[in-house]
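Asks: Curious how this folds, go ahead:
(2 chains)
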Amino acid sequence: DAGVIQSPRHEVTEMGQEVTLRCKPISGHDYLFWYRQTMMRGLELLIYFNNNVPIDDSGMPEDRFSAKMPNASFSTLKIQPSEPRDSAVYFCASRKGLPGELFFGEGSRLTVL
Amino acid sequence: QKEVEQNSGPLSVPEGAIASLNCTYSDRGSQSFFWYRQYSGKSPELIMSIYSNGDKEDGRFTAQLNKASQYVSLLIRDSQPSDSATYLCAALLGNQFYFGTGTSLTVIP
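Replies: Next comes the predicted model:
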């Protein structure tokens, strides 16, 4: 079975531009998580979905960040407008129910100039 | 206080030695615990999960859980240079995973 698939793997953009990150979870998994990882703060949970419904978005830094999951096989994380402090690696992860080990995608490395 | 605390290291051990990685958690409601390995520039990869008190062995890896003391550990026997990575401890509380900041391990040939 294919793992969690993320795109793009690398994104370099200029401040103020819109960035869209994409994720396809493992088939059959009903939880999807978006994390951000930086050297300073480690892995931070941004938002997670259960059965396509956002459950907790308290980790989303501010209104510039939004996430959607229109169906069980696709999710997006959008940053508009982007800022240099958004530069990080963004990971999507999925799991199936309980106990439900979490499986990560390869990550999207974002650089905002 | 963070939910999950790890010694950030770095931890260096010679090849063939036992590497011991430790983690503590703050919420007694946490029931499931996981160890992830992350190579530089790569994504976290699950290597062990543990749900009940005691030891769980998988090859060269042993996870230990002590719920009374709220700590989780990972032992790597016969350490290899390929084990050099950052090891992340995670606790599942409700539906959320809480990650430590990771311990950097270097195995010296």
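Asks: Contact residues of chain B facing chain A?
Replies: B:31-32, B:34, B:42-46, B:49, B:51, B:88, B:90, B:92, B:95-97, B:99-102 (CB under 8 Å from any CB of the partner chain). For the C-beta atoms, the positions are set from N, CA and C on the backbone; glycine is no exception.
Asks: rerun that using 7 Å as the cut-off
Replies: Residues of chain B found near chain A (CB under 7 Å from any CB of the partner chain) are B:32, B:34, B:43-44, B:46, B:49, B:51, B:95-97, B:99, B:101-102.
Asks: Please list the members of these that lie in strands.
Replies: The members of these that map onto strands under DSSP state E are B:32, B:34, B:46, B:49, B:96, B:97, B:99.
Asks: Which positions are bridged to the last one in the beta structure?
Replies: Each beta-bridge partner of residue B:99 is listed here: residue B:90, as defined by DSSP bridges.
Asks: do the same with the fourth one
Replies: Per DSSP bridges, the residues bridged to residue B:49 are residue B:34.
Asks: show me what contacts it?
Replies: By CB atoms under 7 Å, 6 or more residues apart in numbering or on different chains, the contact set of residue B:49 is A:101, B:32, B:34.
Asks: okay, the residues you listed in CSV with pLDDT, neighbour count and distance to residue A:109 next?
Replies: As requested, the contacts of residue B:49 are exported to CSV (pLDDT from 0 to 100; neighbours: other CB atoms under 10 Å in any protein chain shown; distance: CB to CB, whole Å):
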residue, pLDDT, neighbour count, distance to residue A:109
A:101, 86, 16, 24
B:32, 92, 18, 29
B:34, 95, 23, 24
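Asks: Tell me the one of these nearest residue A:15?
Replies: Nearest to residue A:15 out of those is residue B:34 (CB to CB; 36.3 Å).
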